[in-house]
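> sequence first, predicted model second:
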Amino acid sequence: MHSNDLLFKAKIVQLILVGQVEEALYMLSRHYSVETPRLMVGMPKGHHGKVGCYVPKTKTIHVVNQEKIGDPFVILHEFYHHLRTTVGGKHKGTEKKADEFAQEFIEAYRKFANIA
């Protein structure tokens with residue numbers, strides 16, 4: 001991972017952790033040249049029991065509660081689904097790929113912050 005890429009990913013995680021999730025989503029969207037998704041607390045019908053989901057029709061990331069808004073893994077995992085839907089026109093991203101995408105950002109943050 002290049003240092004600029006590492007720094008960008010670490011910054012995104014940091015923004016989410018300090019509650020600036022909309023700013024993080026805006027920066028991610030600009031970086032990947034996609035529309036910024038909406039963010040809502042509360043799950044849509046049929047998605048109960050999950051901590052987060054992405055609804056392509058409304059371009060919205062839903063999280064189950066206020067606490068999960070500050071969870072970088074959840075936000076980045078759902079942003080991956082937004083990214084794949086926006087770029088491919090349909091939900092192409094698997095859960096494993098979404099997990100890997102989120103984990104890359106978290107690992108960058110840990111490296112940058114020297115957290116083991």
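Structure's in. What do you need? Numbering: from 1, shown residues only.
> what residues does Glu78 make contact with?
The contact partners of Glu78, taken as Cβ atoms under 8 Å, 6 or more residues apart in numbering, are Pro37, Gly52, Cys53, Tyr54, Ile61, His62, Val63, Ala98. Quick note: C-beta positions are derived from backbone N, CA and C, even for glycine.
> cutoff 7 Å now
Applying Cβ atoms under 7 Å, 6 or more residues apart in numbering, we find Glu78 in contact with Gly52, Cys53, Tyr54, Ile61.
> the residue nearest the centre of the chain: which element?
Centroid-nearest residue in the chain, with Cα atoms, centre = their mean: Leu76, separated by 1.9 Å. Per DSSP states H and E: Leu76 is located in helix 72-88.
> quick check, distance from that helix to the centre of its chain.
6 Å (Cα atoms, centre = their mean, to the nearest Å).
> then stretch 100-107?
Counting by Cα atoms, centre = their mean, stretch 100-107 is centred 10 Å from the centre of its parent chain.
> could you do stretch 59-67 as well?
Taking mean C-alpha positions (Cα atoms, centre = their mean), stretch 59-67 and its chain are 11 Å apart.
> in it, what counts as buried?
Going by neighbour count (16 or more other Cβ atoms under 10 Å), the buried part of stretch 59-67 is Thr60, Ile61, His62, Val63, Val64.
> what do you get for stretch 22-41?
Burial within stretch 22-41, assessed by neighbour count using 16+ other Cβ under 10 Å, is assigned to Ala24, Leu25, Met27, Leu28, Ser29, Val34, Pro37, Leu39.
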